[in-house]
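*Asks:* Here's my sequence, what's the structure:
(one chain, ligands or ions: 1)
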Amino acid sequence: MGPSRIFPSWRIFLALRCIFTLLVFTAVSTPPEDPVKCASGNTDCTVTNSVGIFADRSTCLAANVAYPTTEAELVSIVAAATKAGRKMRVTTRYSHSVPKLVCTDGTDGLLISTNFLNHTVRPDAKAMTLTVESGVTLRQLIAEATKVGLALPYAPYWWGLTVGGLLGTGAHGSSLWGKGSAVHDYVTEIRMVSPGSVNDGFAKIRVLSETTTPSEFNAAKVSLGVLGVISQVTFKLQPMFKRSITYVMENDSDFGDQAVTFGKKHEFADFVWLPSQGKVVYRKDDRVPVNTSGNGLYDYLPFRSQLSAISAIRRTSEETQEKFEDVNGKCVSAKLTSSTLFATSYGLTNNGILFTGYPVIGYQNRMMSSGSCLDSLEDGLVTACGMDSRIKGEFFHESCVSVPLTHIKSFIDDVKALVKIESKALCGLDLYNGFLMRYVTYSSAYLGRDTEALSFDMTYYRSKDVTPDSLTETAKRNVNSSPDLDRTGKPKLDLKSL
Ligand SMILES: Cc1cc2nc3c(=O)[nH]c(=O)nc-3n(C[C@H](O)[C@H](O)[C@H](O)COP(=O)(O)OP(=O)(O)OC[C@H]3O[C@@H](n4cnc5c(N)ncnc54)[C@H](O)[C@@H]3O)c2cc1C
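*Replies:* Numbers count the residues shown, from 1 in each chain. From the prediction side, this is the model:
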């Protein structure tokens with residue numbers, strides 16, 4: 001149903017809900033804590049991720065953590081650890097990957113944090129390049145590029161990822177245009193510090209680029225953090241431009257055909273598919289001339305800070321629905337969540353304050369990504385990011401699959417067939433705003449994609465307290481359907497989107 005066909009009482013209801021939603025997502029928040037914690041100074045440490053727990057519910061141990069502030073310090077840290085034959089891994093400011101990529105095995109490894117490798121090295125407006133240290137966050141990268149009138153064309157939608165982490169995992173936004181949506185395909189040079197021989201002084205700085213070292217460069221563009229510590233990265237950027245975004249909700253009857261062609265029509269297209277409701281939200285998102293009027297802002301509602309008390313109520317309600325297997329309750333909550341997000345334009349505003357209608361037009365740096373909960377005032381956890389593990393808030397599994405465009409129609413038809421068999425089975429997904437579907441394409445990176453595809457992000461409920469030893473009778477009965485446990489009741493390793 002389009003907004004213009006909504007009855008007046010519904011309009012009042014929606015308006016009240018929008019006001020409530022904006023009140024719930026407030027402007028201040030306690031920032032997330034460091035994922036590395038040490039019992040004494042920088043020794044005897046643990047590392048976790050931004051949700052406070054890895055996929056197998058473990059926390060990893062390390063003998064100590066080092067915080068280099070310059071490349072020279074980084075080289076001496078890697079050299080000393082290499083000489084001592086120690087295992088090393090790189091950790092970042094927030095550590096957003098769900099798999100245990102940052103863990104060394106055993107307890108005597110070394111963590112190298114990029115928290116303070118967060119400086120801009122060299123902006124070059126004429127060459128349209130920007131060199132930064134690897135601990136720079138996406139938010140900083142966007143801001144630094146903007147200062148010299150440049151823009152990164154495609155990126156993940158969340159500000160908290162670092163340049164090293166983006167390259168480590170092949171992170172992406174959504175596009176089939178240009179070189180596609182993966183950040184690593186806009187990199188021209190990587191400086192990496194790796195273990196070296198005695199003659200190298202036990203550490204080596206490798207300068208990798210497409211022109212001088214193409215094979216090493218293509219290996220390092222997506223490295224899973226195993227080839228060395230990325231010290232600095234140079235990006236090839238574009239002149240600042242504007243985008244025009246319109247969200248349209250339609251039924252999903254012809255979605256299989258639309259999914260194949262929509263990404264060719266709109267440069268930044270993506271979809272939110274709500275299979276249990278038979279709906280798709282199409283994001284019509286195009287580049288427009290920089291002199292087009294508009295100063296829109298994308299400040300995605302779930303990435304704003306939230307009142308911890310409200311997060312706790314939502315989590316309690318979800319746990320109650322799980323406990324009583326209340327599928328109908330889940331479906332009602334899912335509809336409420338997705339319609340509220342749609343009615344509040346997902347946090348898009350035409351001028352940074354108010355949403356007055358589509359299209360929303362704004363500069364790329366204001367429209368591409370968000371995460372305002374990350375950088376706010378300390379307020380003793382009265383407010384926080386919704387996924388902050390110190391509050392009773394969101395706790396979920398996240399999985400991702402990429403489906404080649406050549407198979408997308410049959411994949412969508414298969415999901416629809418499942419919904420036909422059990423119409424409410426996917427309400428749990430819709431509760432987390434359904435499938436987020438984004439376009440990805442070929443990359444020269446060895447661990448990059450080899451075809452045009454749609455990447456499906458799926459987020460869904462995860463229990464906080466299920467362990468094999470503490471299973472309640474109900475949980476034991478449900479063990480086969482728990483995403484956390486295998487048939488024997490042991491925790492399962494799950495695959496998380498990279
Ligand atoms: C809320 C949220 C939103 C997200 N949105 C997106 C999205 O829109 N698109 C997308 O593709 N993904 C997304 N992700 C997943 C995310 O891209 C990856 O988890 C990302 O790699 C995490 O970056 P990070 O800086 O937190 O790195 P970490 O998780 O800390 O590290 C990831 C890997 O990179 C390695 N690494 C990090 N820095 C370096 C370095 N300097 N040198 C060598 N290795 C290094 C680490 O050792 C590790 O192996 C999202 C995740 C969350 C939690």
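*Asks:* The closest residue to the ligand within the stretch 251-400 of the chain and R366, how far apart?
*Replies:* As assessed by C-beta to the nearest ligand atom, the ligand sits closest to M387 within the stretch 251-400 of the chain, at 6.6 Å. Heads up, the C-betas are built off the backbone N, CA and C, glycines and all. With distances taken as C-beta to C-beta, to the nearest Å, M387 is found 23 Å from R366.
*Asks:* next one: E319
*Replies:* Between E319 and R366 the distance, using C-beta to C-beta, works out to 37 Å.
*Asks:* Also A171?
*Replies:* 20 Å.
*Asks:* hang on, R366 in a strand?
*Replies:* No: assessed with DSSP: H, G, I helix; E, B strand; the rest coil, R366 is helix; it does not lie in a strand.
*Asks:* Need the pLDDT of the residue nearest to it when sequence neighbours are not counted.
*Replies:* Spatially, and ignoring its direct neighbours in sequence, R366 is nearest to L297 (4.9 Å; C-beta to C-beta, 6 or more residues apart in numbering). For L297, the model assigns a pLDDT of 98.
*Asks:* who's in contact with L297?
*Replies:* Going by C-beta atoms under 8 Å, 6 or more residues apart in numbering, L297 touches L348, T349, N351, G352, G362, R366, M367.
*Asks:* Of these, which are in range of the ligand?
*Replies:* Of the residues in the contacts of L297, proximity to the ligand by C-beta under 6 Å from any ligand atom holds for none.
*Asks:* okay, those residues in JSON lines with pLDDT and secondary structure next?
*Replies:* Conversion of the contacts of L297 to JSON lines gives the following (pLDDT from 0 to 100; DSSP: H, G, I helix; E, B strand; the rest coil):
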{"residue": "L348", "pLDDT": "98", "secondary structure": "strand"}
{"residue": "T349", "pLDDT": "98", "secondary structure": "strand"}
{"residue": "N351", "pLDDT": "97", "secondary structure": "coil"}
{"residue": "G352", "pLDDT": "95", "secondary structure": "coil"}
{"residue": "G362", "pLDDT": "98", "secondary structure": "strand"}
{"residue": "R366", "pLDDT": "98", "secondary structure": "helix"}
{"residue": "M367", "pLDDT": "98", "secondary structure": "helix"}
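*Asks:* ok, of the residues you listed, which one's closest to H119?
*Replies:* The nearest member of these to H119, counting by C-beta to C-beta, is R366 at 23.5 Å.
*Asks:* and that closest one, what is it in contact with?
*Replies:* Going by C-beta under 8 Å, 6+ apart, the list of residues near R366 reads N295, G296, L297, Y298, G352.
*Asks:* ok, back up a step: for beta bridges, what are the partners of the residue nearest to R366?
*Replies:* For L297, the beta-bridge partners are T349 (DSSP bridges).
*Asks:* What's the separation between it and D286?
*Replies:* For L297 relative to D286 (C-beta to C-beta), the value is 17 Å.
*Asks:* What of A155?
*Replies:* Relative to D286, A155 is positioned 17 Å away (C-beta to C-beta).
*Asks:* These two: which has the busier surroundings?
*Replies:* Neighbour totals were compared for A155 and D286, and A155 leads with 24 against 16 (other C-beta atoms under 10 Å).
*Asks:* The closest residue in space to the more buried one that isn't next to it in sequence: how many residues sit nearby?
*Replies:* Among residues not flanking A155 along the chain, G173 sits closest, at 5.0 Å (C-beta to C-beta, 6+ apart). G173 has 21 neighbours, counted by other C-beta under 10 Å.
*Asks:* G173 touches M367, doesn't it?
*Replies:* No: if you go by C-beta atoms under 8 Å, G173 and M367 don't touch, sitting 11.2 Å apart.
*Asks:* Which neighbouring elements make contact with the helix or strand containing T46?
*Replies:* Using DSSP states H and E, T46 maps to strand 43-47. For strand 43-47, the helices and strands in contact under the criterion 3 or more C-beta pairs under 8 Å, 6 or more residues apart in numbering; DSSP states H and E are strand 36-40, strand 60-66.
*Asks:* Could you provide those in CSV, with additional columns for mean pLDDT and mean neighbour count?
*Replies:* Converted to CSV, the helices and strands packed on strand 43-47 look like this (pLDDT from 0 to 100; neighbours: other C-beta atoms under 10 Å):
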stretch, mean pLDDT, mean neighbour count
strand 36-40, 95, 14
strand 60-66, 96, 20
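*Asks:* How much space separates D457 from G173?
*Replies:* 12 Å.
*Asks:* which residues are in contact with both of the two?
*Replies:* Shared contacts of D457 and G173, defined by C-beta under 8 Å, 6+ apart, comprise R438.
*Asks:* where does the stretch 51-200 of the chain come near the ligand, residue by residue?
*Replies:* With C-beta under 6 Å from any ligand atom as the criterion, the stretch 51-200 of the chain meets the ligand at residues 89-92, 94-97, 101-102, 114, 134, 156-158, 161-162, 164-166, 168-169, 171-172.
*Asks:* mind listing the helices for the stretch 51-200 of the chain?
*Replies:* Using DSSP state H, counting those that start in this stretch, the helices of the stretch 51-200 of the chain run over 71-83, 138-147, 163-169.
*Asks:* my read: R206 touches S231, true?
*Replies:* No: with contact defined as C-beta under 8 Å, R206 does not reach S231; the gap is 9.5 Å.
*Asks:* So these two - more neighbours on which side?
*Replies:* Using other C-beta under 10 Å as the criterion, R206 and S231 rank with S231 on top: 26 against 17.
*Asks:* Next secondary structure after the helix or strand the more buried one falls within?
*Replies:* For S231, the element it lies in under DSSP H and E is strand 229-236. Next helix or strand after strand 229-236 toward the C-terminus (DSSP H and E): strand 238-239.
*Asks:* what comes up buried for the following helix or strand past that next one?
*Replies:* Using DSSP H and E, the next helix or strand after strand 238-239 towards the C-terminus is strand 242-251. For strand 242-251, burial by neighbour count (16 or more other C-beta atoms under 10 Å) applies to K242, R243, S244, I245, T246, Y247, M249.
*Asks:* I am finished for the moment; much appreciated.
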